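Undergrad: Return atomic coordinates for the entry below.
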Amino acid sequence: MDGIDAVLATLDPTPKIIRAIEYPWPGDLLDRLQTAAAGAALSAAELAGLDSAAGAVFGEAARHIAEGYAGAVRAIGSHGQTLAHGPEADPPRTLQIGNPAVIAERTGIATVADFRRRDIAAGGQGAPLVPAFHAATLGSQDENRVILNIGGIANITVLPAAGAASVSGFDTGPGNCLMDAWHRQQRKGPFDRDGAFAASGRVQPGLLAQLLQDPYFSLAPPKSTGTDYFSPAWITAHLEGLSLGAADVQATLLALTAQSIADAIALRAPDNERLLVCGGGVHNPVLMDALRERLDCPVQSTASLGMDPDWVEALAFAWLARQTLEGRPGNLPAVTGAAGPRVLGAIYPG
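TA: Purely as a prediction, here's the structure:
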C-alpha cells in the first residue's frame with residue numbers, strides 16, 4: 001500500500017515497458033485501506049464506498065500513465081487492493097477492491113480485473129498468479145532458477161531447466177509487510193529505507209525461533225497467505241510478555257523474512273542455481289545480504305536479465321489481462337492447486 005504500481009507496456013514479441021510510475025494513494029484513503037486490511041469491521045456501505053474510492057484512484061493512475069497513448073491501449077489489467085485472502089476458509093474467500101467499472105468509466109478503456117476468485121472457485125489458492133508470467137519470460141534452457149518477489153508477502157516461482165520437472169511456486173510468508181507495519185508504528189515512516197532501522201538492531205534468536213513456529217511455514221504447497229494474516233496484530237501477539245528494543249524487533253522481523261524464504265527454497269528447490277529477486281524488497285540491502293548469507297547460489301535482481309525489479313508484478317498483470325482477453329488460462333494448477341487451467345478475471349468494456 002505504499003503506492004500504486006502502474007506500467008504501460010507492449011507484450012509482443014516480448015514484454016517491454018514503455019512507461020512506469022508509482023502513483024500515490026491520497027493520505028485519507030490510504031489510512032482507511034490500512035485500517036480495513038488490518039481487520040477492522042466495516043459495514044456494507046463502508047466497504048462499497050472504499051471499493052469505489054479505490055477504483056477512482058486506480059482510474060486516475062491509469063489515465064495518467066496512458067496519457068498520449070489512450071487510443072492505442074487495448075486494456076487495463078487491475079489487480080486491485082487486497083483486503084482479505086482466505087483460500088482455506090469455509091467457504092474459501094479473497095477480496096481485492098478497486099471497482100473495475102469505475103476504472104473503465106473513468107478511462108474509457110476495457111478493464112480486466114478480479115483475477116483471483118475464479119482460481120479459488122476451482123479449488124485453488126488464488127495465489128500466487130505471477131508464476132505463469134515468470135515461466136513465460138524468465139526461465140532458462142540450461143539453469144535451474146527461482147524467481148523471488150518480495151512485496152508485502154513474499155512468493156517464489158521454481159523454474160527448472162528445460163526438460164526437468166514442472167514449474168511450481170507458492171507464498172513463502174511475510175515479505176515487507178511485518179517490517180513495514182513495525183516501522184510505521186515505531187518510526188512513523190511508511191517503510192524502513194535501506195533497512196537502516198533493522199541494521200541498527202540485533203536479531204533475537206529466541207524470538208526468531210518462536211516466529212518460525214507459525215504453522216503457515218510448515219504447510220506444504222499449494223499455499224498462499226496475506227497481510228490480513230501476517231498483520232500488526234500477529235506481531236503484537238508474539239511480543240506479549242517480552243521486553244525488547246524496537247530496533248531488535250525490526251532486525252528479527254527482517255531475519256524472519258530472509259529465513260522463511262531460504263528455508264522454502266532449500267526444501268522445495270534444492271537444486272536451484274540462481275535466485276532472481278524483484279519487488280520492493282530488492283532495494284533493502286540488509287535483506288538482500290541476509291538472503292545471500294543463507295543461500296548457496298547467486299542472488300541477483302531481475303535487472304540482471306533486463307527486467308526492472310520494481311515493475312515485474314505490474315507487468316505480470318498486464319500479461320494476465322491479455323491472457324483473459326484472448327481466452328487463455330492465467331493460472332498454473334500445479335502452483336495454485338486449482339482443478340485445472342482457468343481463464344481468470346472479468347472484462348469491463350471501455
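Undergrad: in stretch 68-77, what counts as buried?
TA: Within stretch 68-77, the residues scored as buried using 16 or more other Cβ atoms under 10 Å are 73, 75-77. Placement of C-beta: from N, CA and C, glycine included.
Undergrad: how near is residue 8 to residue 133?
TA: Counting by Cβ to Cβ, to the nearest Å, the gap from residue 8 to residue 133 is 17 Å.
Undergrad: of these two, who's got more company?
TA: When neighbours are counted by other Cβ atoms under 10 Å, residue 8 and residue 133 differ, and residue 133 comes out ahead with 23 against 19.
Undergrad: If we ignore the residues flanking it in sequence, what's nearest that one?
TA: Leaving aside its sequence neighbours, residue 133 sits nearest to residue 316 (Cβ to Cβ, 6 or more residues apart in numbering; 3.9 Å).
Undergrad: where's that neighbour, which helix or strand?
TA: helix 312-325 (DSSP states H and E).
Undergrad: which secondary structure elements does that helix contact?
TA: strand 4-10, strand 76-78, strand 111-113, helix 131-137 (3 or more Cβ pairs under 8 Å, 6 or more residues apart in numbering; DSSP states H and E).
Undergrad: switch to 6 Å and redo it
TA: In terms of contacts (3 or more Cβ pairs under 6 Å, 6 or more residues apart in numbering; DSSP states H and E), helix 312-325 is packed against strand 4-10, strand 76-78.
Undergrad: Out of those, indicate the one that is most buried.
TA: Comparing these on average neighbours per residue, with mean count of other Cβ atoms under 10 Å, the densest one is strand 76-78 at a mean of 27.
Undergrad: between the helix or strand following it and strand 4-10, how big is the angle?
TA: Counting by DSSP H and E, the element after strand 76-78 in chain order, helix or strand, is strand 81-86. Relative orientation of strand 81-86 versus strand 4-10 (axes from the mean of the first three to the mean of the last three Cα atoms, to 10 degrees): 100 degrees.
Undergrad: Note down every partner strand of strand 81-86 and its orientation.
TA: The strands beside strand 81-86 in its sheet (DSSP bridges) come out as strand 93-97 (antiparallel).
Undergrad: still on that earlier bit, and the helix holding residue 316, C-alpha only, in PDB?
TA: Only the C-alpha atoms of helix 312-325 are listed here, as PDB (Å, rounded to 0.1, in the frame of the first residue of the first chain):
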ATOM      1  CA  VAL A 312       7.600  -7.200 -12.700                       C
ATOM      2  CA  GLU A 313       4.400  -7.700 -10.900                       C
ATOM      3  CA  ALA A 314       2.600  -4.800 -12.600                       C
ATOM      4  CA  LEU A 315       3.900  -6.200 -15.900                       C
ATOM      5  CA  ALA A 316       2.600  -9.700 -14.900                       C
ATOM      6  CA  PHE A 317      -0.900  -8.400 -14.500                       C
ATOM      7  CA  ALA A 318      -0.800  -6.700 -17.900                       C
ATOM      8  CA  TRP A 319       0.200 -10.100 -19.300                       C
ATOM      9  CA  LEU A 320      -2.600 -11.800 -17.300                       C
ATOM     10  CA  ALA A 321      -5.100  -9.300 -18.700                       C
ATOM     11  CA  ARG A 322      -4.100 -10.300 -22.200                       C
ATOM     12  CA  GLN A 323      -4.500 -13.900 -21.400                       C
ATOM     13  CA  THR A 324      -8.000 -13.200 -20.300                       C
ATOM     14  CA  LEU A 325      -8.800 -11.100 -23.400                       C
END
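Undergrad: Could you point out the helix or strand that follows that helix?
TA: helix 333-336.
Undergrad: Tell me the helices and strands packed up against whatever helix or strand comes next after that next one.
TA: Where DSSP H and E defines the elements, the next helix or strand beyond helix 333-336 is strand 346-348. Judged by 3+ Cβ pairs under 6 Å, 6+ apart, the packing partners of strand 346-348 are helix 100-107.
Undergrad: Tell me how many other residues crowd the closest residue to residue 246 other than its chain neighbours.
TA: In space, and not counting its chain neighbours, residue 246 is closest to residue 186: 4.4 Å by Cβ to Cβ, 6+ apart. The number of residues packed around residue 186, counting by other Cβ under 10 Å, is 15.
Undergrad: if we can go back for a sec, of the helices and strands packed on helix 312-325, give the one that comes closest to residue 195.
TA: strand 4-10 (20.7 Å; Cβ to Cβ).
Undergrad: What strands flank the helix or strand hosting residue 146, and is each parallel or antiparallel?
TA: Using DSSP H and E, residue 146 maps to strand 145-150. Paired with strand 145-150 in the same sheet, following DSSP bridges, are strand 153-159 (antiparallel), strand 274-278 (parallel).
Undergrad: Tell me where this structure is predicted with low confidence.
TA: 163-165 (pLDDT under 70).
Undergrad: if we compare the helices and strands packed on helix 312-325, which one ends up closest to residue 139?
TA: strand 4-10 (19.3 Å).
Undergrad: what lines up beside the closest one in the sheet?
TA: Strand 4-10 has the following sheet partners, assigned by DSSP bridges: strand 16-23 (antiparallel).
Undergrad: tell me the angle of the strand it pairs with relative to helix 312-325?
TA: Using the same axes, to 10 degrees: strand 16-23 against helix 312-325 is 120 degrees.
Undergrad: List of residues touching strand 16-23?
TA: 3-10, 61, 65, 311 (Cβ atoms under 6 Å, 6 or more residues apart in numbering).
Undergrad: if I look at residue 219, how far off is residue 138?
TA: Relative to residue 138, residue 219 is positioned 26 Å away (Cβ to Cβ).
Undergrad: Right, I'll leave it there.
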